[in-house]
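> below: sequence and its predicted model.
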Amino acid sequence: MRTRTFCLTESEANELQAAYWQCQDADTKTRYQAVRLYGLGYSVAQVIDICACSTRSLLNWTHAYRERGLAALLDHRLGGNRARLTPEQIETLMNRLKTYTPAQLLGRDTCVGEGQFWTIGDLAKLVQREYEVTFQSPTSYRSLLHRCDFTYQRPAKQYKSHSDLKVMEFEEALEKKPSISPSTPPTP
């Protein structure tokens, strides 16, 4: 069994603890805490139990800290799909969504349904046309709708066998059918 070569000095441990208390991001706090505990001599099992992380993550974090210091433990993710549009583009998009219907911006022929309400498909077409951005997941479009203060609505389904003519005939038959009222007594 190999002996651990990663040990923190008192100043490094204090630096990690101070960064932990100042940090607002929960994931970054977990990394600070895990590296500090591991560097103070806690076993891998104890650190995994306390910080709820994997062994591989713990070892990656300690290696990164050893190589690049405290800055290596910060969250360096770029933000995925939502970062493809700038805040200014999102604000412009929000104003357009609130001002116009899909039929007005995309044309009645290319909209889902009648083009009265914004759907995921309509939003995807608009974002692609205006900003040349395509998201990989429908969830990204739902998040974008939510960010623009819209709620996700599913368009009403219409059966293929639905016939407006048959519905009108049925409704006319209902109107023509005499209703018998139980409150009026029959005449002899």
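Right, received. Where do you want to start? Numbers count the residues shown, from 1 in each chain.
> roughly how far does residue 56 sit from residue 6?
Noted for residue 56: a distance of 15 Å to residue 6, by Cβ to Cβ, to the nearest Å. (C-beta placed from N, C-alpha, C; glycine too.)
> between the two, which is the more surrounded one?
In this view residue 56 and residue 6 are compared by other Cβ atoms under 10 Å, and residue 6 has more residues nearby, 13 against 8.
> in what helix or strand does the residue nearest the centre of the chain lie?
Taking Cα atoms, centre = their mean as the criterion, residue 143 is the residue nearest the geometric centre of the chain, at 4.4 Å. Assigned by DSSP states H and E, residue 143 belongs to helix 138-147.
> right, and the helix or strand after that helix?
Going down the chain from helix 138-147, the next helix or strand is helix 164-176, by DSSP H and E.
> what comes up buried for that following helix?
Neighbour counts over helix 164-176 (16 or more other Cβ atoms under 10 Å) mark no residue as buried.
> output it as CSV, nothing but the C-alphas.
Extracted in CSV, the C-alpha atoms of helix 164-176 (Å, rounded to 0.1, in the frame of the first residue of the first chain):
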residue,chain,number,x,y,z
ASP,A,164,-65.3,20.0,-38.7
LEU,A,165,-68.3,19.2,-40.9
LYS,A,166,-69.3,16.2,-38.7
VAL,A,167,-68.9,18.3,-35.5
MET,A,168,-71.1,21.1,-37.0
GLU,A,169,-73.7,18.5,-38.0
PHE,A,170,-73.7,17.0,-34.6
GLU,A,171,-74.1,20.4,-32.9
GLU,A,172,-77.0,21.3,-35.2
ALA,A,173,-78.7,18.0,-34.4
LEU,A,174,-78.4,18.7,-30.7
GLU,A,175,-80.0,22.2,-31.2
LYS,A,176,-82.9,20.9,-33.3
